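**Q** Quick one, fold the following:
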Amino acid sequence: MSAARLALGTVQFGLTYGVSHGGQVAADEAGRILALARSHGIDLIDTAAAYGDSEAVLGTLPDSQDFGVVTKTIPLRKPVLDTGDVARVADGLERSLARLRRDRVDVVLVHDAGDLLAQGGDRLWAALEAARDRGQVGRIGVSVYDGTEADAVRARFPVTVVQLPLSALDQRPATDGTLDRLAAAGIEVHVRSTFLQGLLLMSETEVPDRLAVARSSLAQWRAACEVAGASPVAAALAYPASLASVARIVVGVHSTAHLAEIVAGLEAAPTLDWGRLACHDPAVVDPRCWPAG
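**A** This is a model prediction of the structure:
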C-alpha cells in the first residue's frame, strides 16, 4: 500500500501526546520528519490550533510548504453560540494561517462537532463558508467521535471531509455502516487513532495501571500479530488500509525512525481476522473514557 495514503499527524510537534509516546518533537527533528515523509510521497499534514505549538513549528519549516494542510478550528464547546463565539473562531483561523505562514489551507475541520450542532452552529458554518469564499480554505469538514455525530452534522451541513477514530480494536465506523454512508455521500474520510494513541503498540507490561481494563484485549491483539508474523505497527495500519472508503490514515510521528517504521509497516500489509479483534468496550477503545493519568 502506498505511503501517499498517509497524512502526517503533527500533534507531537506541538505538545506531548498519547499514552505511549516519545515526547514533544524537537524542531530540527520535525524538519527531518517532513523531509522523510515527502521522500515517501506523503503530501498532507494534519494539525490544529489546539495542538500547542504545532502550527507555529510547521510555519518555521520551509519543507512544510510542500504539503497540503488540514487544520482545525478553536473548539468552543458551548450549547449556544453567539456572534462573539463565531468571531473567535474566525479570528482563530486567521491566527492559524499566520502561524502556518500560509494564505490558504486545504481543509479546515470543525474540531468539536458539538460546535456545529449547538444553537448558532449555522452562524459558525456561514463564517467558514465566508473564509472559503475568500480563498483561505479549500474544503470544510468536521472531526467526530462516532457515526451518530457524523450523521447529525451531515443532516445540517454539506461537509466534504470527515475525520473519525478507527482502529483494529475500534471498528465501529466500519461495522455500523458509517463509512458506507459517508462514501455514498461522496465525503472524504480521514481516520485517526489507528494506533489507539499508542496503546496498540504497547506490551501488556507497558500498559499503565489506569488502563488495566485493556490488557485482555491487548493480549489477544499481540497474539494475533504473532500468529500473522506481523509487527503491531504493520497490523494496526493494515486494518484501515484494507477499507476502500478510507482516503487518509492520519498517523502521529515522534521521530524519523518512527516514520520509517510506519512506512515499512504500511507496505507489509498483513491480513488478520479483523472481526475477532473488534472490542466493544468504550473503556478500552474510547480515550474519552480513559481515567486521567
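
**Q** use CA for all of it now, contacts and neighbours both
**A** Noted.

**Q** and Arg248, what are its phi and psi?
**A** Taking degrees, to the nearest 10, you get phi -140, psi 140 for the backbone angles of Arg248.

**Q** residues contacting it?
**A** The contact partners of Arg248, taken as C-alpha atoms under 8 Å, 6 or more residues apart in numbering, are Arg5, Leu6, Ala7, Val189, His190, Val191.

**Q** Could I get these in TSV, plus columns for distance to Leu272?
**A** Compiled in TSV, those are given as follows (distance: C-alpha to C-alpha, whole Å):
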residue	distance to Leu272
Arg5	20
Leu6	21
Ala7	23
Val189	23
His190	22
Val191	19
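
**Q** From these, which land in strands?
**A** Leu6, Ala7, Val189, His190, Val191 (DSSP state E).

**Q** List the residue ranges of the protein that fall below the pLDDT cut-off.
**A** Residues of the chain meeting the criterion pLDDT under 70: 1, 15-22, 293.

**Q** can you give me the strands for it?
**A** Using DSSP E, strands in the chain cover 6-9, 44-46, 68-72, 105-110, 137-143, 161-165, 188-192, 248-252.

**Q** do you know how far the residue nearest to Ala174 when sequence neighbours are not counted is from Val25?
**A** Of all residues not flanking Ala174 in the chain, Asp180 sits nearest, at 7.5 Å (C-alpha to C-alpha, 6 or more residues apart in numbering). For Asp180, the distance to Val25 equals 36 Å [C-alpha to C-alpha, to the nearest Å].

**Q** Which residue of those two possesses the greater neighbour count?
**A** Val25 (22 against 16; other C-alpha atoms under 10 Å).

**Q** so who does that one touch?
**A** Here Val25 is in contact with Gln12, Phe13, Gly14, Leu15, His254, Ser255 (C-alpha under 8 Å, 6+ apart).
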